[in-house]
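Enquirer: Fold the following and give me the result.
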Amino acid sequence: MENLQSQLKQREGEITQYQGEIVQLERTRGSMAEEIVNLANQKEELEDEVKVLPELKRKLNDLEHRYNAVLQMYGEKAEEVEELRLDLQDVKSMYRQQIEDLIRNK
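Expert: So this is what the prediction gives:
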């Protein structure tokens, strides 16, 4: 009889331990379910972003081409301005020389 009572107490202890494990596993399952939902939402957001990526790459490429064209035009205009500045300097110098020559010849 004592042996049966001892076995009964042991089984009751095992049941209590298993019930604790069940509670722990249910909590873990709940947190994992939340994590799955979060990951599914992140996946959807990333898929949406991936769909937009080719269009963004195309726009970036177009913008780079436009930037390079504007940069080239700017360089050409800067060269032109520098050439005109030098030409103006030459004309001023020639004009001064002509005035000096006219003054000397009078």
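Enquirer: Every contact and neighbour count from this point should use C-alpha atoms.
Expert: OK.
Enquirer: Just the mean pLDDT for the host helix or strand of Pro54, thanks.
Expert: Using DSSP states H and E, the element containing Pro54 is helix 2-105. For helix 2-105, mean pLDDT rounds to 95.
Enquirer: show me what contacts Val23?
Expert: Contact criterion C-alpha atoms under 8 Å, 6 or more residues apart in numbering gives no residues in contact with Val23.
Enquirer: where's it relative to Gln42, distance?
Expert: From Val23 over to Gln42 the distance is 29 Å, taken as C-alpha to C-alpha, to the nearest Å.
Enquirer: what's the answer for Leu4, then?
Expert: For Leu4, the distance to Gln42 - C-alpha to C-alpha - is 56 Å.
Enquirer: Neighbour count: the two, which is higher?
Expert: A direct count of neighbours by other C-alpha atoms under 10 Å for Leu4 and Gln42 places Gln42 higher, at 12 against 9.
Enquirer: count of neighbours near Lys106?
Expert: Residues near Lys106, counting by other C-alpha under 10 Å, number 5.
Enquirer: could we number from 21 for the rest of this?
Expert: From this message on, residue numbering opens at 21, which makes the last subject Lys126.
Enquirer: and it, how far is that from Val90?
Expert: Remark: distance between Lys126 and Val90 (C-alpha to C-alpha) = 53 Å.
Enquirer: now Asp107
Expert: Asp107 is 25 Å from Val90, where distance means C-alpha to C-alpha.
Enquirer: And stretch 86-98, what's buried?
Expert: Within stretch 86-98, no residue counts as buried by 16 or more other C-alpha atoms under 10 Å.
Enquirer: Name the residues that touch that stretch?
Expert: Here stretch 86-98 has no contacts from other residues, using C-alpha under 8 Å, 6+ apart.
Enquirer: That'll do, ta.
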